[in-house]
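Trainee: Generate coordinates for the sequence data below:
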Amino acid sequence: MSRWKRAQTSLPSRFAAPSDVASSDAASSDMPSSDVLPRAVPVAVTHSTEGAIALGMVTAVQANYYWVRLDEGDGAMLLCTRRARLKKIGQQVWVGDRVGVEDIDWGSERGAISQVKPRQTALARPPIANAELLMLVFALTEPDLDPWQLSRFLVAAEVTGLGVALALNKCDCVDAQAQQQWRDRLAAWGYSPLVISVQNQIGIEAVRQRLAGQVSVISGPSGVGKSSLINHLIPAVEQRVNAVSGKLGRGRHTTRHVELFALPPVADLPPGLPPGLLADTPGFNQPTLTCSPVELGPCFPEIRQRLQQGACQFSNCLHRDEPGCAVRQGPSWERYEHYLTFLEEAIARQSALEQSATAEETVKSVTGNDGQIYYEPKLEPKRYRRPSRRSRHQDLKALCGDIDDLLEDVDPDNELSDDEPA
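Mentor: Now for the predicted structure:
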């Protein structure tokens, strides 16, 4: 009897061929019922899905593990790893990515990501894919609202190409006059902020309406109440919150990673439109501006509005001292000084990138004491790194081999005898 047939005859009846199962069922019809067979069938069929690929979205990334919510069924969550071939081709997996999962083990709720679908949008910091709206959250006080910091965040948000929304938290800590002053000031900048108070539940419904039906990202400095806002929008999340540092006057870092949360349904949401997903991101105080000098101008709504009324004489006008500039004509605007400062930073960054073919690896950004970002060259890691123990052993073996070769090449006739004086 062959090895395959011996293996077939030794299989339990629940894994035998259909004909064998039918004959065994007929022969054992008088046997008492058992729960072994009903539990064995799902293990053999449902719990092993090798080769089948299920589509889903990455909702959280921690270390080398990814939480994926599947599209089919009731949206099951799987803890997945990334296939080695994706790592070899340099394919990263971000929160918000549409992925294909295979080798699903439903018993342990695990799988392996084998495909990453093309991204519609991509945020590098924080790494989020397929987002549609970027909501900036700032506080009117505690910490105080800095116009330069707010302007930098707004420009960095405009660079992404996503929709930009602005929410001003802690309105219960300032009077109505201060709130109106910021409304008028930001209206001149080209933005209509949502003035809210998370603690007193003011304006939360307006934020929920603004976020509904899309993948949104909440960003902003530390300590402004981003995690508290998410706790009110999605009570089941229970994000950790922290108080503002009394010594530094700014927020403490509370959120450590990026994660997508499902928003609850909104009452007047159009039929067929999903409630939406929301991502909380780690807070940071000085976002990096990665745009070129020519791309910086359209990131200011004031410049876009003036260019709609008339074009500049030169297509590559940087709106500084060029003749025929339409941006500098007419009344002055508040953020023009911000624009000139950011422009100098963008010019410095571009010149640093052009000086090296591998500028992405040789230039790093450093925040100075004044809050401005400067660029300086990186040290070569391989040049200033201590050699490994294995490399030292290899060099020692090579040196010993060279010494042996030299000793073999020595002419024995020219060697001194023991009786001859040196």
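Trainee: those helices in the protein, which residues are they?
Mentor: Applying DSSP state H to the chain gives helices spanning 3-10, 18-27, 36-45, 84-88, 147-159, 176-189, 204-211, 226-233, 293-296, 301-309, 336-354, 359-362, 389-409.
Trainee: quick one, what contacts the residue nearest to residue 162 when sequence neighbours are not counted?
Mentor: Leaving aside its chain neighbours, residue 162 sits nearest to residue 134 (4.6 Å; criterion: Cβ to Cβ, 6 or more residues apart in numbering). All C-beta spots, glycine's among them, are computed from the backbone N, C-alpha and C. Residues near residue 134 by Cβ atoms under 8 Å, 6 or more residues apart in numbering: 123, 157, 160, 162-165, 216-217, 219.
Trainee: how about residue 198, what does it touch?
Mentor: Per Cβ under 8 Å, 6+ apart, neighbours of residue 198: 169-170, 204, 225, 228-229, 232.
Trainee: Okay, and which of the contacts of residue 134 map to strands?
Mentor: 123, 163-165, 216-217, 219 (DSSP state E).
Trainee: between those residues, which has the most around it?
Mentor: Within the ones in strands among the contacts of residue 134, residue 217 tops the neighbour count with 26 neighbours, counted by other Cβ atoms under 10 Å.
Trainee: Just confirm it contacts residue 121, I think it does.
Mentor: No - between residue 217 and residue 121 there is no contact under Cβ atoms under 8 Å: 10.0 Å.
Trainee: shared neighbours of these two, anything?
Mentor: What both residue 217 and residue 121 touch, as defined by Cβ under 8 Å, 6+ apart, is the set 131, 162.
Trainee: distance of residue 191 from residue 153?
Mentor: Distance of residue 191 to residue 153, computed by Cβ to Cβ, to the nearest Å: 11 Å.
Trainee: no no, residue 78
Mentor: In terms of Cβ to Cβ, residue 78 sits 35 Å off from residue 153.
Trainee: Neighbour count: those two, which is higher?
Mentor: More crowded of residue 78 and residue 153, by other Cβ under 10 Å: residue 153, with 24 against 21.
Trainee: so what's the closest residue to that one other than its chain neighbours up against?
Mentor: Leaving aside its chain neighbours, residue 153 sits nearest to residue 136 (5.4 Å; criterion: Cβ to Cβ, 6+ apart). By Cβ under 8 Å, 6+ apart, the contact set of residue 136 is 150, 153-154, 157, 164-167, 219-220.
Trainee: Return the member of the contacts of residue 134 nearest to residue 408.
Mentor: Proximity of these to residue 408 (Cβ to Cβ) peaks at residue 123, which lies at 63.9 Å.
Trainee: where does the chain have its least confident helix or strand?
Mentor: Between all helices and strands in the chain, the lowest mean by mean pLDDT, DSSP states H and E belongs to helix 36-45, at a mean of 33.
Trainee: Could you count how many residues lie near the closest residue in space to residue 219 that isn't next to it in sequence?
Mentor: Using Cβ to Cβ, 6+ apart and skipping residues adjacent in sequence, the residue nearest residue 219 is residue 281, 5.1 Å away. Using other Cβ under 10 Å, residue 281 has 21 other residues around it.
Trainee: what's the answer for residue 315, then?
Mentor: Residues near residue 315, counting by other Cβ under 10 Å, number 7.
Trainee: next one: residue 183
Mentor: Residue 183 has 14 neighbours, counted by other Cβ under 10 Å.
Trainee: mind listing what it touches?
Mentor: Taking Cβ under 8 Å, 6+ apart as the criterion, residue 183 is in contact with 193, 195.
Trainee: Begin at 45 from now on, thanks
Mentor: Will do, 45 is the new start, and the previous item becomes residue 227.
Trainee: which of the contacts of residue 178 lies closest to residue 355?
Mentor: residue 208 (24.4 Å).
Trainee: wait, that closest one sits on residue 199?
Mentor: No - the criterion here is Cβ under 8 Å, and residue 208 misses it with residue 199 at 10.0 Å.
Trainee: so where is the stretch 345-466 of the chain shaky, pLDDT-wise?
Mentor: Along the stretch 345-466 of the chain, the model assigns pLDDT under 70 to residues 400-408, 412-416, 418-429, 454-466.
Trainee: Please disregard the earlier target; I meant the stretch 145-294 of the chain.
Mentor: For the stretch 145-294 of the chain, the ranges with pLDDT under 70 are 282-294.
Trainee: run the last query once more with 50
Mentor: 284-294 (pLDDT under 50).
Trainee: For burial, what's the neighbour tally of residue 215?
Mentor: By other Cβ under 10 Å, neighbour count at residue 215 equals 24.
Trainee: re the thing from before, most neighbours among the contacts of residue 242, which one is it?
Mentor: residue 213 (28 neighbours).
Trainee: Next, name the residue at the spatial heart of the chain.
Mentor: Centroid-nearest residue in the chain, with Cα atoms, centre = their mean: residue 171, separated by 1.6 Å.
Trainee: so how far is residue 102 from it?
Mentor: Per Cβ to Cβ, residue 171 is found 10 Å from residue 102.
Trainee: what's the answer for residue 215, then?
Mentor: For residue 215 relative to residue 102 (Cβ to Cβ), the value is 35 Å.
Trainee: got it, and residue 216?
Mentor: Taking Cβ to Cβ as the measure, residue 216 and residue 102 are separated by 37 Å.
Trainee: May I have the residues that are in contact with residue 197?
Mentor: Taking Cβ under 8 Å, 6+ apart as the criterion, residue 197 is in contact with 180, 182, 263-265, 331.
Trainee: now residue 153
Mentor: Neighbouring residues of residue 153 by Cβ under 8 Å, 6+ apart: 120-123.
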